[in-house]
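1. structure of the sequence below:
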Amino acid sequence: MAVGLGEGKHHRWVHATVIGSSESIHHELGRWIAILSNFTRSTCYSRPVKYLDGLNERQKEAASSIDGPLLIVAGAGAGKTKTITHRIAHLIDVGVPAHAIVAVTFTNKAAGEMRERVRSLVPPGRGVPLVTTFHSLGVRLLREFHEAARLPRSFTIWDRDDSMRALKRIVESVNSDLPPRSALSVISRQKGDGVSLKEYAASASDYRAQQVARIWEKYDAELKEEGALDFDDLLLKTLELLRTSPEVRTLLQNRWQYITIDEYQDTNKSQYEIARILAGEKRNICVVGDIDQNIYSWRGAQIDHLLDFEKNFPGTKVVLLEQNYRSTRTILAAANSIIQKNRRRVPKNLFTDNPVGEAIQTFGARNDIEEAWFVADRTAQMIEQGVPPKEIAVLYRENFQSRALEEAMLAAGIPYRVLGTRFFDRKEVKDVLSYLRAAMNPKSKVDMGRIVAVPSRGIGKVTLEKILEGKDNELSGAAKSKVLSFRTSLTKIKHAIENLPCSEAVAYAAEESGIDAMLKNQGDEGKERLDNVRELVNFATRYDDFPPFEGIERLLEEAALQSDQDQLAHDVRNSVALMTVHASKGLEFNTVFITGLEQGLFPSEREGGGERDPEEERRLFYVAITRAKSRVFLCYARERLRWGSREYTLPSEFLSEIDDRLLQPAGFDDGEQTIHI
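-> Here you go, the predicted structure:
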């Protein structure tokens, strides 16, 4: 094998002449790839490194670190996305092909932002690396290697609602007293921990675990029968694929030479193992995270993944990003004083060059209604002063708190939106998506059961059960005719999916199914729901450039994998955001109200009593307070309606952990007379 290396004015080149056996060629090719890699890097390092411009010293240190394991501990508002994207651009600039880089994060919103930033940094023609979420990466790999994973390529993805529908049927069929939601929670947690049904059943020692194993077995059988995977399978099946197929594992380890994992503190065991396996022996893995923002242990996130990274990847370089670009000095001082009380963390202290800013305002309300009116009153004042409503967020620990807040916002005429109602969860949108899925996969009982009576076509429960069991021959003549008409519609929709651009296929499905006509006959409510269907068609245009079938496939993936934050990103209304603190992670606002700061509510107690992990509750408060750029209001009520009765409360311990010099009591101004308790 003869290889020539050279460099022109704007490029580097390699020319190889290959002679010899396949074994010797393979050996020599590997050796020369290593030589070429070093050659490429050495010729690039001598040139000016423009992709590190505009970064602070710690960000530069992280972005210029290329080979080997790298841990970037990034505090809230410390510019981690900027650091990650400039590091990726720098990798490409020093000769790493874009296709050899993969970056993984947790939401489509974060992945999209990262992808666009990289695209803006890298010159045209150099390519853009794969930037994706863990679940989307799973979909991509399971479709590409579906034969090795023993799955149909066009498998359906069940969302949580689909899983609940199936589990309700299964729990009823086995006469179990286990709530379907509890069964799903256990199954989901086990899959997130990389545990298979076989492993779980073998260790099921008590009655409850044996019930779960029995339900899980039927649940998996139904998934397999319908050619479907649930949300957690996208991780578990990907992990099983990497573990059981040496060919796929080696191919992917060679395909992606550099791996970046964002929000590493939020990884569960399956995600951790997927990242570890993909990194392989090269160990060119960069992880970015912050122990102080680990708030998802209830979803399986394991704080030890970040704490033990240096132990699991010896030789790790650690870089701390402590300069905050978001918040005032007052807000950061409060945040630092809170989080420093935690023991399980990587020590760091956020600082900023931003102004000192306003004092943090506290308000102790007589009850939850007065608290809500205070929030609405101050919000109205700020909007009058020119603060855009979208720059204001109202955060709470539990969803039930939104009711009083919504009532106050409505009464005050303040535009607001509650984060948590996803566009893709709206009934009419799910109905159209189910028609598309059923057309592509007629075995899908979940989708067939959902749409057979939308619109009503005279097919009852008994008829549905017969057609799902393939017993069409047992149907009466009238029933057969109705079923034939229904199936003909699905066939037509499938034809559209296979031949039309994505948005046109969606529009055709809404029309052919009869959903369009049904909603047009439902007055004002129907018009609003029809607008949602039309918005789905608008959304689908982003996939029109893909081949017809693939476009619909990608649309359905996006619908199944979207998070609440992704929904907020698509919501362009200029309105105040109401959301849980968990949902606010990764977002930022000019002004943040943190409500319900009472012992037992925030920090929270477990249902039935008992304290939650106090350090995680403190991390949650740290996340809440660091969402704010300029203003923070800390609110609590001395009396709150819970479980149908009024409870007397004590202020949260978090309030006493903040230096009094940073706080200023707040009250109603001239608008007090407008409050109605």
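
2. quick one: contacts of the helix or strand harbouring Ala62?
-> Per DSSP states H and E, Ala62 falls inside helix 57-63. Here helix 57-63 makes contact (CB atoms under 8 Å, 6 or more residues apart in numbering) with 51-52, 55, 70, 72, 79, 82-83, 86-87, 90, 319-323. The way it works is simple: take the backbone N, C-alpha and C, and place the C-beta from them, glycine included.

3. which of these sits closest to Thr541?
-> Nearest to Thr541 among the contacts of helix 57-63, counting by CB to CB, is Lys82 at 30.3 Å.

4. Three-state assignment for the closest one, please.
-> The assignment at Lys82 comes out as helix when based on DSSP: H, G, I helix; E, B strand; the rest coil.

5. one step back: so of the contacts of helix 57-63, which ones are in helices?
-> Counting by DSSP state H, the contacts of helix 57-63 place Lys82, Thr83, His86, Arg87, His90 in helices.

6. by neighbour count, which of the residues you listed wins?
-> Arg87 (28 neighbours; other CB atoms under 10 Å).

7. let me know whether it touches Asp262 as I believe.
-> No - contact criterion CB atoms under 8 Å: Arg87 and Asp262 do not qualify, at 11.5 Å.

8. overlap in contacts of these two?
-> Counting by CB under 8 Å, 6+ apart, no residue touches both Arg87 and Asp262.

9. now do the buried residues in stretch 374-387.
-> Residues of stretch 374-387 classed as buried by neighbour count (16 or more other CB atoms under 10 Å): Phe374, Val375, Ala376, Asp377, Arg378, Thr379, Ala380, Met382, Ile383, Val387.

10. residue contacts, the last one?
-> For Val387, the set of contacting residues under the criterion of CB under 8 Å, 6+ apart consists of Asn590, Thr591.

11. for it, give me phi and psi.
-> Dihedral angles of Val387 (phi, psi; degrees, to the nearest 10) stand at phi -80, psi 120.

12. equivalent analysis for the third one, please.
-> Phi and psi for Ala376, reported as degrees, to the nearest 10, are phi -70, psi -40.

13. what do you get for the fourth one?
-> Its backbone dihedrals place Asp377 at phi -60, psi -50, with angles given as degrees, to the nearest 10.

14. chain center to stretch 269-282, what's the gap?
-> 19 Å (CA atoms, centre = their mean, to the nearest Å).

15. make that stretch 277-289, sorry
-> Put simply, stretch 277-289 sits 21 Å off its chain's centre (CA atoms, centre = their mean).

16. end-to-end on it?
-> By CA to CA, to the nearest Å, the extent of stretch 277-289 from end to end equals 19 Å.

17. show me which residues of that stretch are buried.
-> For stretch 277-289, by 16+ other CB under 10 Å, it's Ile277, Leu278, Ala279, Gly280, Lys282, Arg283, Asn284, Ile285, Cys286, Val287, Val288, Gly289.

18. could you point out which element follows the helix or strand harbouring the first one?
-> Assignment of secondary structure by DSSP H and E places Ile277 within helix 269-279. Of the helices and strands lying after helix 269-279 in sequence (DSSP H and E), the nearest is strand 285-289.

19. what angle sits between that next one and helix 269-279?
-> Calculated by axes from the mean of the first three to the mean of the last three CA atoms, to 10 degrees, strand 285-289 forms an angle of 150 degrees with helix 269-279.

20. thinking again about what came up before, just the ones in helices among the contacts of helix 57-63 now: which is nearest Glu407?
-> Lys82 (40.2 Å).

21. I'd like to know which elements the helix or strand where Ile369 lies is packed against.
-> Per DSSP H and E: Ile369 is located in helix 368-384. Helix 368-384 sits against strand 360-365, strand 392-396, helix 402-412, strand 589-594, strand 628-637, strand 639-642, with contacts defined as 3 or more CB pairs under 8 Å, 6 or more residues apart in numbering; DSSP states H and E.

22. for these, which one sits closest to Gln211?
-> Judged by CB to CB, the one of these that comes nearest to Gln211 is strand 639-642, at 30.9 Å.

23. flag every buried residue along stretch 655-666.
-> Within stretch 655-666, the residues that count as buried by 16+ other CB under 10 Å are Leu655, Ile658, Leu663, Ala666.

24. meant to ask about stretch 139-151
-> Residues Val139, Leu141, Leu142, Arg143, Phe145, Ala149, Leu151 are the ones in stretch 139-151 that count as buried (16+ other CB under 10 Å).

25. what's Pro651 in contact with, if anything?
-> Shown in contact with Pro651 (CB under 8 Å, 6+ apart): Gly364, Leu597, Glu598, Gln599, Tyr636.

26. measure it to Ala333 for me?
-> Going from Pro651 to Ala333 by CB to CB, to the nearest Å gives 20 Å.

27. deepest-packed of the helices and strands packed on helix 368-384, please.
-> Sort these by mean neighbour count, taking mean count of other CB atoms under 10 Å, and strand 392-396 sits at the top with a mean of 26.

28. turn the contacts of Pro651 into TSV, including distance to Leu130 and pLDDT.
-> Shown next, in TSV, are the contacts of Pro651 (distance: CB to CB, whole Å; pLDDT from 0 to 100):
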residue	distance to Leu130	pLDDT
Gly364	50	95
Leu597	42	97
Glu598	45	95
Gln599	46	94
Tyr636	46	96
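
29. got phi/psi on the one residue sitting closest to the centre of the chain?
-> Closest to where the C-alpha atoms of the chain average out (CA atoms, centre = their mean) is Thr107, at 3.3 Å. When read as degrees, to the nearest 10, the backbone of Thr107 gives phi -130, psi 150.

30. is it in contact with Val131, as I believe?
-> No - contact criterion CB under 8 Å: Thr107 and Val131 do not qualify, at 11.8 Å.

31. Tyr207 and Leu197: what is the separation?
-> In terms of CB to CB, Tyr207 sits 18 Å off from Leu197.

32. between the two, which is the more surrounded one?
-> Shown here are Tyr207 and Leu197; by other CB under 10 Å, Leu197 has more neighbours (18 against 9).

33. sorry, back to before: state the pair within the contacts of Pro651 that is farthest apart.
-> Largest separation among the contacts of Pro651 by CB to CB: Gly364 and Gln599, giving 13.3 Å.

34. and Leu484, what is it in contact with?
-> Going by CB under 8 Å, 6+ apart, Leu484 touches no other residue.

35. could you check the pLDDT of it?
-> On the pLDDT scale, Leu484 is placed at 86.

36. can you point out the buried residues in the helix or strand where it lies?
-> Assigned by DSSP H and E, Leu484 belongs to helix 477-499. The neighbour-count check on helix 477-499 (16+ other CB under 10 Å) flags Ala479, Lys482, Val483, Phe486, Arg487, Ser489, Leu490, Ile493, Lys494, Ala496, Ile497 as buried.

37. would you list these in JSON lines and tack on distance to Thr463?
-> As requested, the buried residues of helix 477-499 are exported to JSON lines (distance: CB to CB, whole Å):
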{"residue": "Ala479", "distance to Thr463": "5"}
{"residue": "Lys482", "distance to Thr463": "8"}
{"residue": "Val483", "distance to Thr463": "7"}
{"residue": "Phe486", "distance to Thr463": "10"}
{"residue": "Arg487", "distance to Thr463": "12"}
{"residue": "Ser489", "distance to Thr463": "16"}
{"residue": "Leu490", "distance to Thr463": "16"}
{"residue": "Ile493", "distance to Thr463": "20"}
{"residue": "Lys494", "distance to Thr463": "22"}
{"residue": "Ala496", "distance to Thr463": "26"}
{"residue": "Ile497", "distance to Thr463": "26"}
